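Visitor: Fold the following.
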Amino acid sequence: MIRLDNLTKVFDTPKGAVVAADHINMEVPRGEICILLGPSGCGKTTTLKMINRIIRATSGKVFLDGEDTTGMNTQDLRRSIGYVIQQIGLFPNMTIEENITVVPRLLGWDRTAYKKRARELMDMIAMDAEAFLKRYPSELSGGQQQRIGVARALAADPPVMLMDEPFGAIDPINRAVIQDEFLKMQAELKKTIMFVSHDIDEAIKMGDRIAIFREGKLVQYSAPDDLLSAPRNGFVESFLGEDRALKRLNLVKVREVFSDEMGSVKPDDTLETALSRIDDFGYQNAILMVNDRGEPAGMITRSVARTTRGYCRDHYQTAPPVAQLDDDLRKVASLMFANDTTWLPCVDARGRVCGHITQRAMTHHLGSRYRSRPEDSAPLRSQPETKE
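Guide: Model (predicted):
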């Protein structure tokens, strides 16, 4: 959907020519999010802004959906691309509705159509249309304004969106919420997005592909898992940080690692039965007790089962936390550490026990990727190797 062909920008300065973007070659498939990462001044924002000609390229071409944009009218090009920036850029003298519908009105949409679109987008960004559409930007919080900025970029339903650190100025709690909401929207809308960020964790969470820049050059362009497991050189490895193995926890879901083998007992089972099943299935010398609906109801420990007579319903401890199948391993690891355990029961969408996950299984899964590193995590098109 987006293809950059030897895209280059050279700035003339009093001290001579400065190459801000050096023959960038990239392809972003339709419906994917590509995150541009790198230190300040590395060329990522320059590359982004050349796509909609906020900065004009010195040489090279930009293709959108296979069409060379070189001959396109600049205003038409910009109106066909959604654009979100960190400073948001809402017009202070316009209502929220007027801000959202700027581009549809410029494109000549019917009044009924653009008003309807504004309400649809307010629902999409989880803001009450009745409460907010007639307000002005100064009456909204920073996080709310940022959501409106995203809605405005989506108003004319552009196939391509450019986002320049759109969540960078928002506090961590609201940023995580907005990121989650944006990913939910993206799952439905399937826009093709290029997204500048300084936050590696944000890039791993948000991106289908990540491009690492250095001194105007594209150093590595890979899927997040390939990037973390096989950094191309020392610069990429140091940029990702020494905890890059832990960062991969964000990328793996419980359903990829858990085992569907799970021993359990019912409240009416005897402690003798519990002891037998602990020998067969127990983790940390205990067995899970489930109710008639298959939901976690408690734990029976080996010490209790071995020294006490009676039924499980009378001698259980509190059930451990559970892992949902769509949880990522970072959340699971956090639960394990917080509860001093090396395993958790797993539940399905209805809360029924469907297996278990262990620390050992997580470690093995992550380590297996390093033991079978891809030979090459090069970009989709050939890119000159960056020398250290």
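Visitor: Just give me the neighbour total for residue 31.
Guide: A count of nearby residues for residue 31, using other CB atoms under 10 Å, gives 15. No exception for glycine: its C-beta is placed from N, CA and C like everyone else's.
Visitor: so where's this structure shaky on pLDDT?
Guide: 87-88, 169, 282, 369-388 (pLDDT under 70).
Visitor: got the residue ranges for the strands in the stretch 1-150 of the chain?
Guide: 2-13, 16-28, 33-37, 59-64, 67-68, 81-85 (DSSP state E, counting those that start in this stretch).
Visitor: who touches the last one?
Guide: The one in question is strand 81-85. Residues from elsewhere that reach strand 81-85, judged by CB atoms under 8 Å, 6 or more residues apart in numbering: 51-52, 64, 149-150, 152-154, 156, 158, 160-166, 191.
Visitor: Residue 280 should be in a helix, yeah?
Guide: Yes. Membership of residue 280 in a helix is supported by DSSP: H, G, I helix; E, B strand; the rest coil.
Visitor: Quickly list what residue 160 is bridged to.
Guide: Beta-bridge partners for residue 160, by DSSP bridges, are residue 81, residue 192.
Visitor: Could you pull up the residues touching it?
Guide: 1-2, 51, 64, 80-82, 191-194.
Visitor: That one and residue 192: what is the separation?
Guide: The gap separating residue 160 from residue 192 is 5 Å, by CB to CB, to the nearest Å.
Visitor: Common neighbours of the two, please.
Guide: With CB under 8 Å, 6+ apart as the test, residue 160 and residue 192 both reach 1-2.
Visitor: Which element, helix or strand, includes residue 218?
Guide: strand 217-222 (DSSP states H and E).
Visitor: who are the neighbours of that strand, in terms of helices and strands?
Guide: Secondary-structure packing of strand 217-222 (3 or more CB pairs under 8 Å, 6 or more residues apart in numbering; DSSP states H and E): strand 16-28, strand 209-214, helix 234-240.
Visitor: Which other helices and strands does the first one contact?
Guide: Strand 16-28 sits against strand 2-13, helix 44-51, strand 217-222, with contacts defined as 3+ CB pairs under 8 Å, 6+ apart.
Visitor: Identify the single longest helix in this structure, thanks.
Guide: helix 172-189 (DSSP state H).
Visitor: Strand 81-85 and that one, what's the angle between them?
Guide: Inter-element angle recorded for helix 172-189 and strand 81-85: 170 degrees (by axes from the mean of the first three to the mean of the last three CA atoms, to 10 degrees).
Visitor: how about residue 206, what does it touch?
Guide: 33, 35, 179, 182-183, 195, 197.
Visitor: could you dump those residues to a markdown table with neighbour count and distance to residue 68?
Guide: Below are these laid out as a markdown table (neighbours: other CB atoms under 10 Å; distance: CB to CB, whole Å):
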| residue | neighbour count | distance to residue 68 |
| --- | --- | --- |
| 33 | 21 | 24 |
| 35 | 25 | 25 |
| 179 | 18 | 33 |
| 182 | 23 | 30 |
| 183 | 12 | 31 |
| 195 | 25 | 23 |
| 197 | 23 | 28 |
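Visitor: Of the helices and strands packed on strand 16-28, give the one that comes closest to residue 336.
Guide: strand 217-222 (29.1 Å; CB to CB).
Visitor: strand partners of that closest one, parallel vs antiparallel please.
Guide: strand 209-214 (antiparallel).
Visitor: and the partner strand, how far from the chain's centre?
Guide: 15 Å (CA atoms, centre = their mean, to the nearest Å).
Visitor: now do stretch 126-136
Guide: 27 Å.
Visitor: Would you mind giving the domain segments of this structure?
Guide: 2-251, 255-368 (automatic domain parsing).
Visitor: now the end-to-end length of the shortest one.
Guide: According to CA to CA, to the nearest Å, domain 255-368 extends 17 Å from its N-terminal end residue to its C-terminal end residue.
Visitor: Numbering from 4 from now on, please.
Guide: Okay, using 4 as the starting number, the last item reads as domain 258-371.
Visitor: In stretch 49-65, which of the residues would be classed as buried?
Guide: Neighbour counts using 16 or more other CB atoms under 10 Å place 49-58, 60-61, 63, 65 of stretch 49-65 among the buried residues.
Visitor: hang on, residue 181 packs against residue 151?
Guide: No. Here residue 181 does not reach residue 151: they are 11.3 Å apart, not a contact under CB atoms under 8 Å.
Visitor: what about those two, which has more around it?
Guide: Neighbours per residue, other CB under 10 Å: of residue 181 and residue 151, the larger number sits with residue 151, 24 against 20.
Visitor: That one and residue 365, how far apart?
Guide: 40 Å.
Visitor: Deepest in the core, which of the helices and strands packed on strand 220-225 is it.
Guide: strand 212-217 (a mean of 25; mean count of other CB atoms under 10 Å).
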